[in-house]
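1. Please work out how this folds:
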Amino acid sequence: MQLLKNSSILIKTRDFLRRHWQGALRWREKLVLKEEAFHLILAGMVGVIGGVVNLFFYEAVHLIQPGNIVELAEKLPDWERVLLPTLGGLAAGLILHWGLRLVGNQGPTNLIEVVVAGDGRLPTRTDLVKSCSAIVSIATGASIGREGGIVQLSATLSSKLGQLAKWPPYRLRLLVGCGAASGMAAAYNAPIAGAVFSALIVLGNFSMNLFAPLVFSSVIATMVSRTFFGIQPWYQIPPFPEVGPWQLPWFLLMGVLCGMAGAIFLKMVHLGRQEFGKYSWPLYIKLMLAGLVVGIIALEFPGVCGNGYTVTNDILHEQFMQEARPLLWLAGLLVAKWIATAATVGSGTVGGVFTPTLFVGATTGAFFGTALHRFGMSTDVQTGAFALVGMGAVLAATTRSPLLAIIMVFELSLNYSMVPAIMLACVVSVLVAKQMHSDSVYTEHLRVKGIALGRETSRLGVTMEQTIGDLMHPPVAPVRENTTLDEVAERFLTGSNNFLPVVDIGKRLVGVVALQDLKEVLNNAKDLHGVIASDVMRTAPKTLTPAQPLLDALPTVLESELRNVPVVNNHEENRLVGAVARAELLTIFSEAIAEKSDPRGGEVKGE
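-> Reported below is the predicted structural model:
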């Protein structure tokens with residue numbers, strides 16, 4: 001009787017589970033954390049990192065230089081005014097020289113490069129050394145921006161978080177983007193501009209699954225920096241009355257002037273890099289000479305010291321009108337800032353050019369407005385309003401991103417009445433700057449290294465919008481050119497690969513060793529003790545790059561006989577950074593073609 005009772009209970013339990021099993025599975029799927037939600041959690045963590053890094057830079061700079069560097073320079077005697085940035089450059093250069101020697105070559109540190117042509121890995125020790133050097137440079141008057149170090153360190157620490165968790169390259173690149181967004185947002189108290197900066201400049205992608213984490217990270221960083229740490233915005237912009245439609249043509253004309261000013265600024269920075277690059281002097285000598293140049297210029301224009309946000313504030317409030325010849329003073333200050341920044345950046349000083357660009361824009365705009373007022377034109381518009389618009393227009397000219405410039409200036413001023421004038425000036429300045437200088441402030445370094453940005457390609461479908469970097473895995477562990485045959489054979493015996501990449505001391509791909517070739521050598525050779533990898537390797541196969549669209553990679557994938565096709569940072573340096581599975585790529589191509597065809601082979605019409 002008891003047995004029958006137990007059996008009845010089991011049957012009822014089984015029937016209950018059958019009825020509710022599917023529902024339980026559906027609930028389980030709802031409770032599983034989606035990747036998009038997980039990325040938002042990570043973005044929040046990165047936002048905290050950005051706010052803390054901003055505080056670190058703020059306190060570190062003020063620890064070395066408690067006061068305002070421009071006000072200090074104005075009070076110093078001439079010889080001390082020259083000596084301060086000179087010794088600062090020497091100290092910052094020595095930190096770089098010995099620090100980088102100590103940590104060794106850890107790979108590229110450029111944010112855009114590791115996203116476009118790398119796997120999202122930023123070297124932590126290298127960037128910590130550079131951050132220390134940047135702090136010394138900023139505190140001692142180098143004509144460089146603080147925001148560069150904040151963005152760089154935020155992105156590096158975010159990348160390190162992903163490296164410790166052993167996350168794939170696509171997530172590391174997202175973390176780098178979130179770090180850059182949080183650093184920019186915290187530095188300028190501009191969360192929208194921080195997200196847009198990272199989407200347009202760093203990641204080059206505005207898709208929602210990427211933009212949402214950037215926004216979240218920027219907001220958290222701004223709140224942490226402003227609310228919890230009480231760090232005030234750098235710029236104090238007065239309210240300006242609305243610009244009338246009859247005044248807008250003047251801003252079109254000013255856009256032309258700002259485009260020219262931005263292009264000249266880029267050319268000067270390029271010239272500075274060229275001139276310092278001609279000499280093989282130690283880095284600390286170059287930075288010391290750059291500091292000397294800034295110090296000499298500061299004898300007449302102390303406002304060139306530092307990133308210049310205090311001088312920009314003075315220009316916005318029209319305090320330069322106290323000068324005996326304000327128009328001549330503005331022109332001299334503009335040229336002085338061009339030269340000081342070109343020398344500083346060209347020497348290799350660590351920092352950003354965003355804030356100096358805003359300085360140049362404010363000076364250019366104020367010069368234009370003062371000149372108009374001198375001839376009795378556009379007197380209804382304050383000179384400070386022209387300076388504000390100039391900040392956006394020159395920023396657009398140097399970054400080639402009018403949207404970023406418009407949003408940045410709007411967030412700094414919170415004055416919508418100036419937005420139409422800013423929009424017109426930004427668009428015109430970009431068109432003019434492109435005619436005078438081909439690269440933006442962020443792409444010239446990549447072009448020199450042969451890294452292409454923004455290439456267009458034919459599209460098979462949504463899948464084909466991905467790049468090789470989105471699918472890239474860590475490379476097959478390479479062997480060095482001088483690796484012995486015994487070690488190479490051991491690698492084949494303990495692994496499943498039929499090919500092993502061969503790299504030189506700089507991690508450049510120089511060839512591959514095939515298992516088939518190794519068997520022939522082992523069968524035919526008598527003395528194998530002196531044989532190394534370079535003796536048995538084949539020439540380097542065709543490779544892919546992270547920024548390469550999937551469709552462009554198809555010929556290389558079809559031609560390759562390697563199971564894991566190697567990925568290099570670019571075809572000039574040829575440094576091995578990853579690999580993609582050939583079978584995975586071919587599957588994606590097949591699925592993409594199937595999406596474009598119906599069962600009868602006809603093309604599916606888009607909605």
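2. Name the helix or strand of the protein that has the lowest mean pLDDT.
-> Ranked by mean pLDDT, DSSP states H and E, the weakest helix or strand in the chain is helix 2-31, scoring a mean of 58.
3. ok now do residue 577, which residues does it touch?
-> When contacts are counted by C-beta atoms under 8 Å, 6 or more residues apart in numbering, residue 577 touches 117-119, 472, 475, 546, 567-569. For the C-beta atoms, the positions are set from N, CA and C on the backbone; glycine is no exception.
4. Let me know the secondary structure of it.
-> strand (DSSP: H, G, I helix; E, B strand; the rest coil).
5. Report the separation between it and residue 41.
-> In this view, residue 577 and residue 41 are 28 Å apart by C-beta to C-beta, to the nearest Å.
6. again, but for residue 559
-> The gap separating residue 559 from residue 41 is 42 Å, by C-beta to C-beta.
7. Then residue 85?
-> 43 Å.
8. Looking at these two, which has the bigger crowd around it?
-> Taking other C-beta atoms under 10 Å, residue 85 and residue 41 do not tie; residue 85 has more neighbours (33 against 12).
9. How far does stretch 310-321 stretch from one end to the other?
-> One end of stretch 310-321 to the other measures 16 Å (C-alpha to C-alpha, to the nearest Å).
10. if I read this right, residue 223 contacts residue 51, doesn't it?
-> Yes: counting by C-beta atoms under 8 Å, residue 223 sits close enough to residue 51 to count as a contact (7.4 Å).
11. Pick out whichever of the two has more residues nearby.
-> When residue 223 and residue 51 are compared on other C-beta under 10 Å, the one with more neighbours turns out to be residue 51, at 26 against 17.
12. and the more buried one, what is it in contact with?
-> If you count contacts by C-beta under 8 Å, 6+ apart, residue 51 has them with 182, 186, 220-225, 228-229.
13. most neighbours, which of those?
-> Top of the contacts of residue 51 by neighbour count (other C-beta under 10 Å): residue 182, with 42 neighbours.
14. what's the distance between it and residue 347?
-> According to C-beta to C-beta, residue 182 and residue 347 sit 29 Å apart.
15. Please apply the same query to residue 253.
-> The gap separating residue 253 from residue 347 is 35 Å, by C-beta to C-beta.
16. tell me the pLDDT at residue 433?
-> With respect to pLDDT, residue 433 scores 95.
17. ok, for it, nearest residue in space, not its chain neighbours?
-> Closest residue in space to residue 433, ignoring its immediate chain neighbours: residue 397 at 3.7 Å, by C-beta to C-beta, 6 or more residues apart in numbering.
18. Surely that neighbour and residue 430 touch.
-> Yes: the criterion here is C-beta under 8 Å, and residue 397 meets it with residue 430 at 6.0 Å.
19. that older thread, between residue 253 and residue 347, which one's more packed in?
-> residue 347 (28 against 14).
20. What residues does the closest residue to the more buried one other than its chain neighbours make contact with?
-> Counting by C-beta to C-beta, 6+ apart, residue 347 lies nearest to residue 290, which is 3.7 Å off, once chain neighbours are set aside. Taking C-beta under 8 Å, 6+ apart, we find residue 290 in contact with 89, 142, 276, 343-344, 346-347, 349.
21. Tell me the secondary structure at residue 290.
-> Following three-state DSSP, we place residue 290 in the helix state.
22. how far away is it from residue 344?
-> Distance from residue 290 to residue 344, by C-beta to C-beta: 5 Å.
23. what touches both of these two?
-> Joint contacts of residue 290 and residue 344 (C-beta under 8 Å, 6+ apart) are residue 142.
24. distance of the closest residue to residue 292 other than its chain neighbours from residue 332?
-> Leaving aside its chain neighbours, residue 292 sits nearest to residue 86 (4.6 Å; criterion: C-beta to C-beta, 6+ apart). Distance, residue 86 to residue 332, by C-beta to C-beta: 22 Å.
25. again, but for residue 139
-> When C-beta to C-beta is the yardstick, residue 139 and residue 332 sit 26 Å from each other.
26. what's residue 145 sitting at in phi/psi?
-> phi -90, psi 140 (degrees, to the nearest 10).
27. tally of neighbours for residue 78?
-> Burial measure for residue 78: 11 neighbouring residues, criterion other C-beta under 10 Å.
28. Now for it: which residues touch it?
-> Contacts of residue 78 by C-beta under 8 Å, 6+ apart are residue 299.
29. Looking at it now. What's its pLDDT?
-> Note on residue 78: pLDDT of 92.
30. go on, residue 151?
-> pLDDT, residue 151: 94.
31. what do you get for residue 229?
-> pLDDT at residue 229 comes out at 78.
32. so who does it touch?
-> Contacts for residue 229 (C-beta under 8 Å, 6+ apart) come out as 51, 54-55, 58.
33. now with 7 Å?
-> Contacts here follow C-beta atoms under 7 Å, 6 or more residues apart in numbering; on that basis residue 229 touches 51, 55.
34. Counting neighbours, show which residues of the strand or helix carrying residue 59 come out buried.
-> For residue 59, the element it lies in under DSSP states H and E is helix 35-64. Within helix 35-64, the residues that count as buried by 16 or more other C-beta atoms under 10 Å are 39-40, 42-44, 46-58, 60-61.
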